[in-house]
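>>> Sharing a model prediction with you, sequence too.
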Amino acid sequence: MQSVHSELPSRQTDAKSINMTTKIDHPQLCQWLKEIAVERDKQAFTAVFKFFAPKIQRIAQGKVNSEALAAEIVQDTMSNVWRKAHLFDDSKGAATTWVYTIMRNVTFDLLRKIKANKEDNLSDDIWPLAESANVEEEAFSDHIESRNLKDVIETLPENQQQVVKGFYFLEMSQEQLAVHLNLPLGTIKSRLRLALGKLKLKLGDHHD
């Protein structure tokens, strides 16, 4: 992706006539895409990029409300245009429709990743704290000490590993862990409870 962009001329090439008027020259766009597909023509790609990039940037920024993310959508969309130009078929639709479909898919993928990351970050704090949490932690302590669980614990997310290792192996209290990790006590309790639940599933409920 970077290599394609780094090799493109920074100034508008005079080797090809690039019509930048508001009127869309559909046959010309189709021709450029064919040249990209067949000849891997970087000047044709430059022309397509100059035509679509500002439009995609404007549309994407309206959807993600971020100039940086919009620029990422432009880059990913146009990189896909470069890689997938051979899939374009002008008998099935306009070049603009094809490119904007790629842009839409790229945007959806990006928004899904953002949502997934937010849910991962929140997942530690949304689990309800049951009154029996302390009892379960104490009951599970002997189980942890009686087995070699390092390999299993290593499969936990890093933030949950920190709490489990600190609580059981370093014998730090939840309050001490909250101070040590600079986190709210509720977050420490949530992460510990979530980690114990995952460990129980991995190990089976065969502990006393």
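Alright, I've got the coordinates.
>>> and the residue nearest to W32 when sequence neighbours are not counted, which of the three is it?
Nearest residue to W32, sequence neighbours excluded (Cβ to Cβ, 6 or more residues apart in numbering): A44, at 4.2 Å. For the C-beta atoms, the positions are set from N, CA and C on the backbone; glycine is no exception. Secondary structure for A44, judged by DSSP: H, G, I helix; E, B strand; the rest coil, is helix.
>>> do D89 as well
coil.
>>> Just give me the neighbour total for it.
A count of neighbours around D89, defined by other Cβ atoms under 10 Å, yields 10.
>>> And it, its phi and psi?
Note on D89: backbone dihedrals following degrees, to the nearest 10 are phi -130, psi 110.
>>> Which elements pack onto the lengthiest helix in the chain?
Longest helix of the chain, by residue count under DSSP state H: helix 95-122. On a contact count with 3 or more Cβ pairs under 8 Å, 6 or more residues apart in numbering; DSSP states H and E, helix 95-122 meets helix 26-39, helix 42-64, helix 67-84.
>>> Please spell out which residues along that helix are buried.
Residues of helix 95-122 classed as buried: A95, W98, V99, Y100, I102, M103, V106, T107, L110 (neighbour count, 16 or more other Cβ atoms under 10 Å).
>>> Which one of the residues you listed is nearest to T187?
Closest to T187 out of those is L110 (27.7 Å), distances taken as Cβ to Cβ.
>>> Quick one: residues contacting that closest one.
With contact taken as Cβ atoms under 8 Å, 6 or more residues apart in numbering, L110 is in contact with V64, L69, E72, I73, D76.
>>> and the two most separated of those?
Distance extremes for the contacts of L110: the farthest pair is V64 and D76 at 12.3 Å, using Cβ to Cβ.
>>> now the longest helix of the chain against helix 42-64, angle please.
On the basis of axes from the mean of the first three to the mean of the last three Cα atoms, to 10 degrees, helix 95-122 is oriented at 50 degrees to helix 42-64.
>>> Average pLDDT for helix 95-122, rounded please.
The pLDDT scores in helix 95-122 average 81.
>>> now do stretch 52-62
Averaged over stretch 52-62, pLDDT sits at 92.
>>> in that stretch, what's buried?
In terms of neighbour count (16+ other Cβ under 10 Å), stretch 52-62 has its buried residues at F52, I56, Q57, I59, A60, Q61.
>>> Let me know the closest of the buried residues of helix 95-122 to L196.
Nearest to L196 among those, with distances taken as Cβ to Cβ, is L110, at 34.3 Å.
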